[in-house]
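Student: Got a predicted model here, sequence first, then my questions.
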Amino acid sequence: MKFKKLDDDNFLLYAIKHYDNPQCVSMEEFYQDLSAIIYLKRLFKKYKKSGEIREQLVLNHTILLYNVFGIEPATRILFWKIDKEYHSQLKTILIFLNYIKENHNYGEWDLEMNLIPLDETLVERLRRI
């Protein structure tokens, strides 16, 4: 099954298709891994609101998602599920983890990576790790 565009109707199918966790024995565990997206959204929202970010926690949730979905599917899932207002923070984290390249073409997903700026404050914090 091809997934040219993610939407509410096909997202779950896409996520299940690309989910690879041999230790998972139930749908509950699948949804628990998927909930890392919700935590990332909360952390980005708090950062945007207060300027506080728990970068280690953001990194842990991101790495978890990439471990169970793989590079390309996880990238696609995150940019679809995370609100556009947080794409700058997301891009910064993903470049730091070397999961994406700054100017890679994601045109097939309608994602123009070169138009998303890096979050310079977050870059400085990540450099200290």
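Tutor: Looks like it arrived, so ask away.
Student: Can you tell me the number of residues neighbouring Ala36?
Tutor: If you count neighbours by other C-beta atoms under 10 Å, Ala36 ends up with 19. Using the backbone N, CA and C atoms, a C-beta is placed for each residue, glycine as well.
Student: my guess is it meets Asn67, correct?
Tutor: No: applying C-beta atoms under 8 Å, one finds Ala36 not in contact with Asn67, separated by 10.2 Å.
Student: what about the residue nearest the centre of the chain, which helix or strand?
Tutor: Nearest residue to the geometric centre of the chain (C-alpha atoms, centre = their mean): Leu78, 3.3 Å. In this assignment (DSSP states H and E), Leu78 forms part of helix 71-81.
Student: So which elements touch the next helix or strand after that helix?
Tutor: Once the chain leaves helix 71-81, the next helix or strand it forms, by DSSP H and E, is helix 87-96. Where contact means 3 or more C-beta pairs under 8 Å, 6 or more residues apart in numbering; DSSP states H and E, helix 87-96 is packed against helix 36-50, helix 55-69, helix 71-81, helix 120-127.
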